[in-house]
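Peer 1: need a 3D model of the sequence below.
(one chain, ligands or ions: 1)
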Amino acid sequence: MTTDKRSRVAALLRPTADDTPLIELSAQMTLVEVFRAFWPRLRPLRWWLLLSLGLLVAAPLIAVAEIRLFQSLVDTVLVPADFAPMLWIGAAFIGLNILAAVIDGCDDYLGTWISQKFLTGLRRDTFAHVLALPPHRLDQRRLGDVISRLTSDISTVESFMVSQLTRGVGLLCTLVVYICALFWMQWQLALASMIVIPFFWWAAKRFADYTKTVSRERRRRAGSLTAITEESVGNASLVQGYGAEDRAIADYDRQNIAIMEAELTGSRIRALFLPMVGLLELVGILVVIGLGVWALSTGRLTLGGVLAFLTLLGSCYRPIRGLGDLLPGLFSASAGVERVRELLDEPAVTDPPSARTLPRPVTGISIDNVSARYPGRDRDSISDVDLDIAAGERLAIVGPSGSGKTTIARLLTGTLTASSGTVRLGGHDVTTLTRASIRSAVTTVAQETLLIDATIADNIAFARPGATRDEIEHAARRAGAHEFITELPAGYDTRVGQRARMLSGGQRQRLSLARAFLHGGDLMILDEPTTGLDPRATHHLMSTLARERDRTWVVLTHDPLVLEYVDRVVSLGSVSSSSTPTVDPSMSGVR
Ligand SMILES: Nc1ncnc2c1ncn2[C@@H]1O[C@H](COP(=O)(O)OP(=O)(O)OP(=O)(O)O)[C@@H](O)[C@H]1O
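Peer 2: Next up, the predicted model:
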């Protein structure tokens, strides 16, 4: 083939470029790296795996015995036309058949059990890992892609580590059994029939490379499609509000077609590969038939022997073909494994090795010379911030949008680590404290109202499962939510719908506050708590907070109404200049 023709064939076997890659390809891993990465999870099941392999090897042994019985049937019953041995041969066939069925059933059940045990553990751990990722890291990912990794990609790990590998070892053992049997029957014929094996391997290796490229692309594009689906459906009101349906459909379709292209490329590869394998098989069988005639004519084999040999050879090609398919299969699975691995490699927020419990009550908070930078950013979000907050103080942090108010909240809850300086709660460095003790002492009400698709009562009790209805109601009253809740058709048992879209913005805000009140804690951080509240509701909320003298509260706000209720106002400098917060006397007010 000329270089030109070769490159045209190669181009046909690679998917066309996706010009709008929403999701990046994950770092490539070799098959050995993939195995090493996940083996520790499979290790506890190794004895069961061994048993499963034992059952897999038993199957070809029974098949060989059946072929030998067939040889006896031809040579002792059919050729001499003698009915006598028929009885024991028939009984042996039935016995072997029953044994094969039992072994097959056990192997199938055991294989499924091992796969599911591995998969459920991996799914749970990956899900738990994603939940432990710092929120700012999750915000940098596309939600749909994360979901795609957690659902479809994760099953490829099982496929790689359990199904494909056990199948590979099983096929290899089967092949060894058959080859030994072939050599035992007639070694010259066996040797001749092995002539096609190197060609099988050559073809398999050649196509495995193409399969890997296609599989990685297909998985990445599937992640992009889920991401675009999630974003468009999740923001349907935005899409409809701006009449962007056509744009959304066009974006969706681009990814949709990109997947189709990857699938079609995979199909072209198979179309080229499978007939080639079939042809190799045929050549092998023809060689053996030719040599079989020779063996028959020279008396080296009986007719039964030749037929048995050919049957055995036919069975032998099945594992060879299976092994040839396995390599592309493994590469295809490894493309999904790489995406799960990358997610698992993302550092989660975990307790430091000798973490201590934060003593209660929290006696003051200090931020000493703290700078913080988000991953992937080339500048600090806040730099050299110094701030002391006394226990019981009511503090407002104000500042232009993007000046780092939310970043300070993240530092106080330990979800973001300062790049320099120290954040202390009650005199203890937050990086030395257990996450659970920080979470129970510090309550945050996020800027975005986060509610689940459940009842009002469930949403409030999310802070403290098992809270009584009286406690839930009390928290709702304090947040000024009780009135609107009682006006709803089912009161506290009303379902709020997806992302609580069945409530108004202000009602959602009050529910988040009620949840925070139920949680309690010594320090309450409220990020723009009055967004969506009218002046009356704002005054109601702030005077409620003002009565909570036994806790410290920090409110991050733009709302001038809020400032009337605080002891001190701290202003974060403009983002374009130094971000060091300063007390701005003109804004501070104490009531
Ligand atoms: N997850 C993130 N990844 C990267 N950069 C981020 C992330 N979150 C915030 N930033 C950046 O950090 C800076 C400070 O953001 P922050 O959310 O703390 O500001 P803010 O003062 O709370 O703003 P606003 O008043 O608008 O809520 C901004 O420049 C923002 O772009």
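Peer 1: can you name every helix or strand that the longest helix seen in the chain contacts?
Peer 2: The single longest helix within the chain, with elements called by DSSP state H, is helix 245-297. Applying 3 or more CB pairs under 8 Å, 6 or more residues apart in numbering; DSSP states H and E, one finds that helix 245-297 contacts helix 187-193, helix 197-234, helix 303-345. All C-beta spots, glycine's among them, are computed from the backbone N, C-alpha and C.
Peer 1: which one, of the ones you listed, ends up nearest to Arg68?
Peer 2: Arg68 lies closest to helix 303-345 among the helices and strands packed on helix 245-297, at 6.8 Å (CB to CB).
Peer 1: after that closest one, next one along is what?
Peer 2: Sequence-wise, the next helix or strand downstream of helix 303-345 (DSSP states H and E) is strand 365-372.
Peer 1: only alpha carbons, please: show that following strand as CSV.
Peer 2: Extracted in CSV, the C-alpha atoms of strand 365-372 (Å, rounded to 0.1, in the frame of the first residue of the first chain):
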residue,chain,number,x,y,z
ILE,A,365,-12.1,33.9,65.2
SER,A,366,-8.9,35.2,63.7
ILE,A,367,-7.7,35.5,60.1
ASP,A,368,-3.9,36.3,60.2
ASN,A,369,-2.3,37.6,57.1
VAL,A,370,-4.2,35.2,54.9
SER,A,371,-4.0,34.9,51.1
ALA,A,372,-6.0,32.4,49.1
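Peer 1: can you list the strands that it pairs with?
Peer 2: If you go by DSSP bridges, strand 365-372 pairs up with strand 382-389 (antiparallel), strand 420-425 (antiparallel).
Peer 1: just the residues contacting it, thanks.
Peer 2: If you take CB atoms under 8 Å, 6 or more residues apart in numbering as the criterion, strand 365-372 is touched by 380-389, 404, 407-408, 410-412, 416-427, 523, 552, 554.
Peer 1: what about the residue nearest in space to the middle of the chain, which SS state?
Peer 2: Closest to where the C-alpha atoms of the chain average out (CA atoms, centre = their mean) is Leu150, at 2.7 Å. Three-state assignment for Leu150 (DSSP: H, G, I helix; E, B strand; the rest coil): helix.
Peer 1: tell me the contacts of the residue lying closest to Arg478 once chain neighbours are set aside?
Peer 2: Leaving aside its sequence neighbours, Arg478 sits nearest to Phe517 (CB to CB, 6 or more residues apart in numbering; 4.9 Å). Going by CB under 8 Å, 6+ apart, Phe517 touches Ala475, Arg478, Ala479.
Peer 1: before we move on, which element is Phe517 in?
Peer 2: helix 505-519.
Peer 1: report the distance from that helix to the chain centre.
Peer 2: The chain centroid and the centroid of helix 505-519 are separated by 31 Å under CA atoms, centre = their mean, to the nearest Å.
Peer 1: and the next helix or strand past that helix?
Peer 2: Downstream of helix 505-519 (by DSSP H and E), the next one is strand 523-527.
Peer 1: check whether Asp493 really touches Ala457, as I assumed.
Peer 2: Yes. With contact defined as CB atoms under 8 Å, Asp493 and Ala457 form a contacting pair (6.4 Å).
Peer 1: get me the contact residues on the protein for the ligand.
Peer 2: 136, 139-140, 374, 377, 381, 399, 401-407, 447 (CB under 6 Å from any ligand atom).
Peer 1: that older thread, any idea which of the strands paired with strand 365-372 gets closest to Thr302?
Peer 2: strand 420-425 (86.4 Å).
Peer 1: ranking helices and strands of the chain by mean pLDDT, which lands last?
Peer 2: Using mean pLDDT, DSSP states H and E, strand 582-583 stands out as the lowest-scoring helix or strand of the chain, at a mean of 40.
Peer 1: and the residue of the stretch 1-150 of the chain found nearest the ligand, what does it touch?
Peer 2: When scored by CB to the nearest ligand atom, the stretch 1-150 of the chain has His136 as its residue closest to the ligand, at 3.4 Å. Counting by CB under 8 Å, 6+ apart, His136 touches Tyr374, Pro375, Arg410, Thr415, Leu416.
Peer 1: got those as JSON lines, with secondary structure, distance to Glu263 and pLDDT columns?
Peer 2: Shown next, in JSON lines, are the contacts of His136 (DSSP: H, G, I helix; E, B strand; the rest coil; distance: CB to CB, whole Å; pLDDT from 0 to 100):
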{"residue": "Tyr374", "secondary structure": "coil", "distance to Glu263": "37", "pLDDT": "89"}
{"residue": "Pro375", "secondary structure": "coil", "distance to Glu263": "34", "pLDDT": "84"}
{"residue": "Arg410", "secondary structure": "helix", "distance to Glu263": "42", "pLDDT": "90"}
{"residue": "Thr415", "secondary structure": "coil", "distance to Glu263": "40", "pLDDT": "85"}
{"residue": "Leu416", "secondary structure": "coil", "distance to Glu263": "41", "pLDDT": "88"}
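Peer 1: just the residues you listed now: which is nearest the ligand?
Peer 2: Among those, and counting by CB to the nearest ligand atom, the member closest to the ligand is Tyr374, at 3.3 Å.
Peer 1: please enumerate the helices of the stretch 451-591 of the chain.
Peer 2: 456-461, 469-478, 482-487, 505-519, 535-547, 560-563 (DSSP state H, counting those that start in this stretch).
Peer 1: could you list the buried residues of the fourth one?
Peer 2: If you call a residue buried by 16 or more other CB atoms under 10 Å, then helix 505-519 has these buried ones: 506-519.
Peer 1: now, which of the contacts of Phe517 sits nearest Glu217?
Peer 2: Ala479 (49.8 Å).
Peer 1: of the helices of the stretch 451-591 of the chain, which shows the lowest average pLDDT?
Peer 2: Least confident of the helices of the stretch 451-591 of the chain, judged by mean pLDDT, is helix 535-547 with a mean of 79.
Peer 1: buried residues of that one, list them for me.
Peer 2: Within helix 535-547, the residues that qualify as buried are Ala537, Thr538, His539, His540, Leu541, Met542, Thr544, Leu545, counting by 16+ other CB under 10 Å.
Peer 1: next one: stretch 96-114
Peer 2: Leu96, Ala100, Ile103, Asp107, Leu110, Gly111, Ile114.
Peer 1: now do that stretch, average pLDDT.
Peer 2: Taken as a whole, stretch 96-114 has a mean pLDDT of 90.
Peer 1: quick check: the spatially closest residue to Asp493 that is not a sequence neighbour vs the ligand, distance?
Peer 2: What sits nearest to Asp493 in space, not counting adjacent residues and going by CB to CB, 6+ apart, is Thr455, at 5.0 Å. Separation of Thr455 from the ligand (CB to the nearest ligand atom, to the nearest Å): 30 Å.
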